[in-house]
Every structure is written in C-alpha cells, then in structure tokens.
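# for reference, the sequence and a predicted model appear below.
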Amino acid sequence: MAKRTLQEKLAILSDAAKYDASCASSGGEKRDSRDGSGIGSTTGSGICHAYAPDGRCISLLKILMTNFCIYDCAYCINRVSSNVERARFSPEEVVELTLEFYRRNYIEGLFLSSGIIRSPDDTMADMVRIVKTLREEHGFRGYIHLKTIPDASPHLIEEAGRHADRLSINVELPTDAAVKDYAPEKNPDQIRKAMADVRVLREAGREKSYRGRRATKFAPAGQSTQMIVGADGASDATILKTSTRLYSSYRLGRVYYSAFSPIPDASATLPLIQPPLMREHRLYQADWLMRFYGFDASEITAARTDGNLDLTIDPKLAWALEHRALFPVDVNRATREMLLRVPGFGTKTVGRILASRRHRSVRWEDLQRMGANLKSARSFITLPGWRARDLDAADLRARFAPPPEQLALF
C-alpha cells in the first residue's frame, strides 16, 4: 500500500470522525463553498464547534487517530469487517496538525477519538502521549476533548484526565442487551465502571487537601457520553430513561444522541430500523426538557403507546396538547414550574416574567419584548388583554404541525 500524505490522512480521518457526536447534532445540512459559489462551509477537513466551560463557542480540530479497529461492532462503519479506506496518524502527526492549525487561527482546540489498534491500552497510551506532548512540551493551552477507551487501564484514563479538558466514554447503545448483541467485544459493566472512575476522579479534583491546597484538576469541563439511537429496537422512552440514569449516576455534562444510518454492507445484521435525523433532534429537545424544565422521561413519552416521541411537533408542545385541562395558564399567577411548561416560554423568558410581575402585571406586549414565542404560547395563556379561546378546537394540533410537502417524483 502506497504511503499516504498527511493531507490524505486528514481527509480520511476527519471524515471518519463525523460519526463521533461531540458538539452538535449530526443532522446539519451539508453546504460547501469550495466550488467558489459562496463563503463558509459546514463540511471540510475536521473543523467542528463546541462550547467551552465559560460558554464560548470554539472551533476544534475533530479527527480520529486511526480508523483501523480490531472490534466488529455491527453499527460502526470502522468495524474490522467493514470495507472502508483506512489511515492512521502517528502521535507526532496529530501534534503537528494541532499546532499548525492553531497557529493559523483555524482552531482553538482538539477533539480526538480513535479506533482500537493492537489493544485498548496501546491505543489509549498513544492518545495520552498526544495530549501530554501538547500540554507539557509545547505549552498548548487550547481546549482538548478526548474520547476515552473504557477497556484501557485506569492509570491511563487518569493520566488522560490530567491533560484533557473533557473526557467522554461511549455507552454505545441504550440497553445492555443491545450492546451484547451488536458490540459483543464490549462490556457494559466495564463501560459503567470507567465512567464511575472518571466521576470519582473529577470529584476528588475539586476537593481541597487538609492543608487547604486544591488537588490537580481532572477533566475540568466534565464528562459526556454518546448513544447510538435506532440501531436496535429501543423506544424513545427507554433511551430517555437510560439518559436520566446516566446523568444522575455519573454527573454527566451531556448525553449525545447519534442517529444510526445503515451502512451499505452485506455483512451487517442490524434490524431495519432507520430513524430519521428528526428523531435525533426530538431526543435532544426531550433531553433539554428533562435537564432544564423539570419534565420526567415517562411523561414526555406517555402520549404514544409505542413510547416514541411525536416527530411532527416538539415534545413540549405535544405534552401541552395532551394536557389541555391544565391550560390556559395565568401568566401573572402561575408558578415557575407551570410557566416552564407553556409552549413558547424558555427559561430566560420565565425568569423575566417572574422578575417583572413583582412590580406590575405582565401584558401581551411585555411578552413580546421578553422574547416569548407567542405563536406557540398564545393558545395556552391568559393575561390582561388576552385569553386563549381555542384550547378545545379539534384542529389545534394541526395548526402547529408543519404543512405537508410534495415529495420528489424523480
């Protein structure tokens, strides 16, 4: 096999990294300006965006160290039995790329993942060597997100957390049974143990010693995980309940959902369950409702007997339509918890409502200035000068659903 150039490796391994959900939904539209017809691209050689702990949106070099892998996970395009173009960076090449991209102001950090080569320990050791070299030899202070291998030795994971800002360990699939069926070389218990170890190390890094000195920081930006949705038959209710357990058990910063896209390979044995990217989007919306709006997984998915989310309207609106007896909500009297359940009201809007009504009644024009989405909220609220009158309308749901689209015939 001819030796590949660094540019060729970058093209292969940045494209392979797109399956690692780290910072944005994988459902973004592909727009490319390399033909000279515009400016800006959403595709290219490994540049993605993430949010730093202080809230800044930063650009990351997102690559795999290699897409060679000794595992044969049925849902993974880089599995050992998959016929894909392979490449591998040396640790020195990843360091060089990161520094050169940073010096040219292309990036502000690195997102690094990898297939498993030789063994989990060998692969993890190379990844640790990369981040250690960047930090200690080159004084690199940019953001680093490192995908961690749960089967690697605990001391390697611990060393990774001393140099990376964020660690992530993939739970892979929503249930243990699915992991055993489609990723038989991976052990769900070992994955959970590695995640628990990271949580313990993070908490220890925030404590002070008996002399008052702080311990060395460990993954200060937190821990996250990725879950493939649609590769098995798990319902949205099962997925969201699993996410709830993950958040509470491991103090995760985020669960990333990645919609499974069937790979055209005759050796694949996955069921024909092909969720659209809209399902991924709805799961993110439901996840947000659980984290910041006080919703429970069971109530978000209770409207349908199959336990799945409605793909045509967002989960909050779907819940409100199923609980019309609780509406309309009096904006000037309702509790914060109930205001958060009004479609079109976000957490900032609710905060502004509560602050404003301490001094005077909130009116329709006030909600407009506060940034409320009144197109969604108008049917569920009452306040001076406005009262919802269409809650019992038979076609209320149809008013919110997107209009039908004509499919292409050719």
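The structure has been received and is ready for your questions.

# just the buried residues of stretch 82-97, please?
Applying a neighbour-count criterion of 16 or more other Cβ atoms under 10 Å, one finds 82, 86-89, 91, 93-95, 97 buried in stretch 82-97. No exception for glycine: its C-beta is placed from N, CA and C like everyone else's.

# need the mean per-residue confidence for it.
The pLDDT scores in stretch 82-97 average 93.

# name the helices or strands packed onto the lengthiest helix in the chain?
Secondary structure of the chain read by DSSP state H shows that its longest helix is helix 188-205. If you count contacts as 3 or more Cβ pairs under 8 Å, 6 or more residues apart in numbering; DSSP states H and E, helix 188-205 packs onto helix 154-163, helix 176-182, strand 222-229, helix 236-250.

# any buried residues in it, and which?
Using 16+ other Cβ under 10 Å as the test for burial, helix 188-205 gives 188, 191-192, 194-195, 197-199, 201-202, 205.

# among those, which two are most distant?
The span of the buried residues of helix 188-205, defined through Cβ to Cβ, is set by P188 and G205 at 26.1 Å.

# any stretches of the stretch 151-300 of the chain with poor pLDDT?
Counting by pLDDT under 70, the stretch 151-300 of the chain has low-confidence residues at 208-213, 261-276.

# in the sheet, who's paired with the residue nearest in space to the middle of the chain?
Geometric centre of the chain, nearest residue: Y256, 2.6 Å, by Cα atoms, centre = their mean. Applying DSSP bridges to Y256 yields these beta-bridge partners: Q226.

# quick check: the gap between it and I169.
Counting by Cβ to Cβ, to the nearest Å, the separation of Y256 from I169 is 12 Å.

# find the residues that touch each one of those two.
Counting by Cβ atoms under 8 Å, 6 or more residues apart in numbering, the common neighbours of Y256 and I169 are T225.

# F101: which element?
Element membership for F101 (DSSP states H and E) is helix 91-103.

# that helix packs against which elements?
Counting contacts by 3+ Cβ pairs under 8 Å, 6+ apart, helix 91-103 is packed against helix 6-16, strand 57-64, strand 109-113, helix 120-132.

# return the most buried member of these.
With neighbours taken as mean count of other Cβ atoms under 10 Å, these reach their highest mean count in strand 109-113, at a mean of 25.

# follow-up on the earlier one: just send the helices and strands packed on helix 188-205 back as TSV, with distance to P343 and mean neighbour count too.
Shown next, in TSV, are the helices and strands packed on helix 188-205 (distance: least, Cβ to Cβ, whole Å; neighbours: other Cβ atoms under 10 Å):
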stretch	distance to P343	mean neighbour count
helix 154-163	40	18
helix 176-182	33	17
strand 222-229	24	22
helix 236-250	19	19
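
# would you list the ones you listed in CSV and tack on distance to I116?
Compiled in CSV, these are given as follows (distance: least, Cβ to Cβ, whole Å):
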stretch, distance to I116
helix 154-163, 13
helix 176-182, 15
strand 222-229, 16
helix 236-250, 22
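
# ok, which stretches of the stretch 201-350 of the chain are strands?
Remark: strands assigned in the stretch 201-350 of the chain by DSSP state E, counting those that start in this stretch are 222-229, 254-259, 329-330.

# ok, and what's touching the longest one?
When you say that, I think you mean strand 222-229. The contact list for strand 222-229 (Cβ under 8 Å, 6+ apart) reads 20-22, 53, 75, 166-174, 195, 198-199, 202, 239, 242-243, 246, 250-260, 275, 279-280, 283.

# part of a helix, is V84?
No: V84: not assigned to a helix; according to DSSP: H, G, I helix; E, B strand; the rest coil it is coil.

# still on that earlier bit, take the strands of the stretch 201-350 of the chain and write them to TSV, including distance to L10.
Compiled in TSV, those are given as follows (distance: least, Cβ to Cβ, whole Å):
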stretch	distance to L10
strand 222-229	23
strand 254-259	22
strand 329-330	53
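
# T301: which of these is closest?
Distance to T301, taken as Cβ to Cβ, is lowest for strand 222-229 among the strands of the stretch 201-350 of the chain, at 13.4 Å.

# looking at it, P315 is touching A286, isn't it?
Yes: using Cβ atoms under 8 Å, P315 makes contact with A286 at a distance of 4.5 Å.

# domain map for the chain?
Domain ranges of the chain: 6-22+43-208+216-300, 315-400, per automatic domain parsing.

# for the strands of the stretch 201-350 of the chain, which one sits closest to L340?
Smallest distance to L340 across those (Cβ to Cβ): 10.3 Å, for strand 329-330.

# pull the residues that contact the closest one.
In this structure, residues lying in contact with strand 329-330 by Cβ under 8 Å, 6+ apart are 338-339, 341-342, 380-383.

# next SSE downstream of the helix or strand R352 falls within?
Per DSSP H and E: R352 is located in helix 347-356. Past helix 347-356, further along toward the C-terminus, the next helix or strand under DSSP H and E is helix 364-370.

# which element follows that next one toward the C-terminus?
Toward the C-terminal end, the helix or strand that comes next after helix 364-370 (DSSP H and E) is helix 374-377.

# what about that following helix, average pLDDT?
In this model, helix 374-377 has a mean pLDDT of 94.

# for the very next helix or strand once past it, which helices and strands make contact with it?
Later in the chain than helix 374-377, the nearest helix or strand by DSSP H and E is strand 381-383. Contact here means 3+ Cβ pairs under 8 Å, 6+ apart; on that basis strand 381-383 packs against strand 329-330.

# neighbouring strands of the strand it packs on in the sheet, and parallel or not?
Partners of strand 329-330 in the sheet, by DSSP bridges, are strand 381-383 (parallel).

# so what touches the next helix or strand after the strand it pairs with?
Once strand 381-383 ends, the next helix or strand along the chain (criterion: DSSP H and E) is strand 386-387. Applying Cβ under 8 Å, 6+ apart, the contact partners of strand 386-387 are 328, 364, 378.
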